[in-house]
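Peer 1: What follows is a predicted protein model with its sequence.
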Amino acid sequence: MKVIVIGGGWAGCAAAITAKKAGAQVSLYEKTDMLLGLGNVGGIMRNNGRFTASEELIALGSGDLINLTDKNSRHKNMDFPGHKHAWLYDVNKIEPEVRNYLKSVGIELNFITRIVDVEKEDSKIKGIYLSDGTYVDGDVFIETTGSTGPMGNCLRYGNGCSMCTLRCPAFGPRVSISARAGVDDLQGEREVDVFGAFSGSCKLCKESLDPGIIKELEEKGVYIAKVPPEDVNLDKLKVKVCQQYALKEFAENLILLDTGHVKLMTTYYPLDKLRKIKGFESAKYIDPYAGGKGNSIRYLSVAPRTDDMKVKGIDNLFCAGEKAGLFVGHTEAICTGSLAGHNAVRYTLGMPMLILPRSTAIGDIIAYANYKMMTAEGRRNRYTFAGAEYFKRMQEQGLYTIDIEVIKSRIDKLNLNGILGQQLV
C-alpha cells in the first residue's frame, strides 16, 4: 500500500505520520528544501481553544507533532492580548526535529521535488508527475500544498512577491493537484469579490532591536509597544488571514512574541514608521523580507471535500491544512492532516471512513468549516480554535476546556482513544 503525500507543511507531516502508523508505505514530496512551510515562521501553539484540540490529538493517538512543539517551546502558559495559555515553540529548532522524527519512523522524504501534474483514470489518480518529468505511481494521494502562491497571486491580490519563507522564485510555484485532477477549487475572500488574505505576521531580527526589548521578550515571551496615533490603521485588520488577531489592540500596538526570532503580529508595517518607535530604530525584517511593504497571499486554492477529508469527485485523493478549508494555524493543520492520513489507509483497505464526532472540537471544526465554505459569507471568514467566530462557537457548544482529564474522558467515552495511532495493515 503506497500513500503519497504532496506538501511537507504541518498538515503533510501529520498525514504522513498517521498513514505510517496505520501500516502504509509513505512517501512525502516537498517542493522546497525544508519541511513545515509556514511553520518555520509561526510558533504559536495551545492558545485558547488550541489547547483543547492539542489534548484531543494526544488522546486520539496523533499527538506526535504536539509533543515536538511542546518539547521545543521557549515560553509556556503565557498570555497576550485576546489569548490565554499560549506556548511559543522555537522556529529555529523545530524543522530539524520534525525531519529527524519522520525519518525515524520510516517515512520517505523527497525534497526539491515539485509535483506538477497527475495521471488519472476515470475518477482515480494513478500517479503524479514531477517537474523534471519523473512519474511516480501510488495507491492513494494526500494533497497538503496549502493555498499560497504562485507569485502571480501575490502580485494580483496583494502587494507583490514579499519574499516569504515559501520561496516560490527559488523552488517554483505551487500547483493545485486537485485542479490538475479536474476539480474546481474554491477561493476565500477578504471582502466581497476580493480574493485571498494577507499572512498575519512578520519576523524581525532579534538583534536589530533595543537590548531592553530583547530582555523583556526573552523573560516574558511578549513585548507591547504603542503605535503612534497618526499611524493607527484599523482598516488594515480586515486583510489579515488570522482573524483571531484582528483585534483593536493589534492595530493600536505593536505586539511582539519571542519564537526564536521576534514575531511581529501584523501583516506588514512600513519600515520608516516602524523605526520611528523607540527601541525599533534599527529594526530589520527577516520574514518576509518585504515585511515593510506586504506579505504573502493565502486561501486561493481550497479543494471541496467531505468530512472524512476526501476531495469530492476523486476517489483516492484526500486533502488537509489550508487546502481543505479556510483554516488558520498549525494545530488546525495537524488535526486535518492526521485524519486525512488515517483515512487514506482506510480507503485502500476498503474500510469505512472515520468521521470524528461533532462532540469533539476537532470533528466540529472540520464539519463546521466545511459547511461554512459553501456560503458566500462563510468564505469571508476564517476558522481557528484560537479565536474569532469558531472559538466563540467552541465556548457556546461547551467544547473548550483546559482540563486534560475532561478531554481524555471525552475521547474515551466515544471509544476513540488512540484511534488515529492504530495499525490497520
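Peer 2: Yes, it's here. Residues are numbered from 1 along each chain as shown.
Peer 1: Contacts only, for Ser27.
Peer 2: If you count contacts by CB atoms under 8 Å, 6 or more residues apart in numbering, Ser27 has them with Lys2, Val3, Ile4, Val5, Ile107, Glu108, Asn110, Val136, Gly138. All C-beta spots, glycine's among them, are computed from the backbone N, C-alpha and C.
Peer 1: Give me the pLDDT value at the fifth one.
Peer 2: Spelled out, that is Ile107. pLDDT for Ile107: 98.
Peer 1: for the second one, same thing?
Peer 2: Per-residue pLDDT puts Val3 at 98.
Peer 1: Just say helix, strand or coil for it.
Peer 2: Put simply, Val3 is strand when judged by DSSP: H, G, I helix; E, B strand; the rest coil.
Peer 1: residues in contact with it?
Peer 2: Contacts for Val3 (CB under 8 Å, 6+ apart) come out as 16, 19, 24-27, 138-142, 341, 344-345, 348.
Peer 1: Most neighbours among those residues, which one?
Peer 2: When neighbours are counted by other CB atoms under 10 Å, Ile142 leads the contacts of Val3 with 35 neighbours.
Peer 1: helix or strand for that one, which one?
Peer 2: strand 140-143 (DSSP states H and E).
Peer 1: Which SSE is immediately downstream of that strand?
Peer 2: According to DSSP H and E, the helix or strand after strand 140-143 is helix 151-157.
Peer 1: just the CA coordinates of the helix or strand just after that next one, formatted as PDB?
Peer 2: Next along the chain after helix 151-157, taking DSSP H and E as the criterion, comes helix 168-171. Only the C-alpha atoms of helix 168-171 are listed here, as PDB (Å, rounded to 0.1, in the frame of the first residue of the first chain):
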ATOM      1  CA  CYS A 168       8.400  30.500  -4.900                       C
ATOM      2  CA  PRO A 169      11.100  32.200  -7.000                       C
ATOM      3  CA  ALA A 170      13.700  29.600  -5.900                       C
ATOM      4  CA  PHE A 171      11.700  26.400  -5.900                       C
END
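Peer 1: which other helices and strands contact the strand holding Ile142?
Peer 2: Here strand 140-143 touches strand 2-6, helix 10-21, helix 177-180, strand 317-319, helix 330-349, going by 3 or more CB pairs under 8 Å, 6 or more residues apart in numbering; DSSP states H and E.
Peer 1: Mind checking these for the one nearest to Leu217?
Peer 2: Each of the helices and strands packed on strand 140-143 was scored for nearness to Leu217 using CB to CB, and the closest is helix 330-349 (20.7 Å).
Peer 1: Next, the angle from the closest one to helix 10-21.
Peer 2: Here helix 330-349 runs at an angle of 40 degrees relative to helix 10-21 (axes from the mean of the first three to the mean of the last three CA atoms, to 10 degrees).
Peer 1: Please point out which parts of helix 330-349 sit buried.
Peer 2: 330-348 (16 or more other CB atoms under 10 Å).
Peer 1: pretty sure Met353 contacts Asp315?
Peer 2: No. Contact status for Met353 versus Asp315: not in contact, 11.8 Å apart, counting by CB atoms under 8 Å.
Peer 1: okay, and the common contacts of the two?
Peer 2: In contact with both Met353 and Asp315: Tyr347, using CB under 8 Å, 6+ apart.
Peer 1: tell me the contacts of Trp10?
Peer 2: Counted by CB under 8 Å, 6+ apart, Trp10 has contacts Leu36, Gly37, Leu38, Gly39, Leu65, Gly321, His330, Ala333, Ile334, Gly337.
Peer 1: Apart from its chain neighbours, what residue comes closest to it?
Peer 2: Ala333 (3.9 Å; CB to CB, 6 or more residues apart in numbering).
Peer 1: you'd agree the one you found is up against Glu322?
Peer 2: Yes. Taking contacts as CB under 8 Å, Ala333 lies within contact range of Glu322: 7.3 Å.
Peer 1: Now do the same contact list for Arg379.
Peer 2: Counting by CB under 8 Å, 6+ apart, Arg379 touches Leu186, Gln187, Gly188, Glu189, Leu326, Lys372, Met373.
Peer 1: what's the spacing between Ser104 and Gly7?
Peer 2: In this view, Ser104 and Gly7 are 21 Å apart by CB to CB, to the nearest Å.
Peer 1: And the two? Which one has more around it.
Peer 2: Between Ser104 and Gly7, counting by other CB under 10 Å, Gly7 is the more crowded of the two (29 against 8).
Peer 1: Can you name the residues that contact the residue nearest to that one when sequence neighbours are not counted?
Peer 2: Nearest residue to Gly7, sequence neighbours excluded (CB to CB, 6+ apart): Thr144, at 3.7 Å. Contacts for Thr144 (CB under 8 Å, 6+ apart) come out as 5-9, 11-12, 15, 319-321, 323, 333, 337, 340.
Peer 1: between the residues you listed, which is closest to Val116?
Peer 2: Of those, the one sitting nearest to Val116 (CB to CB) turns out to be Ile6, at 10.6 Å.
Peer 1: what about that closest one, how many residues close to it?
Peer 2: So Ile6, with other CB under 10 Å, has 27 neighbours.
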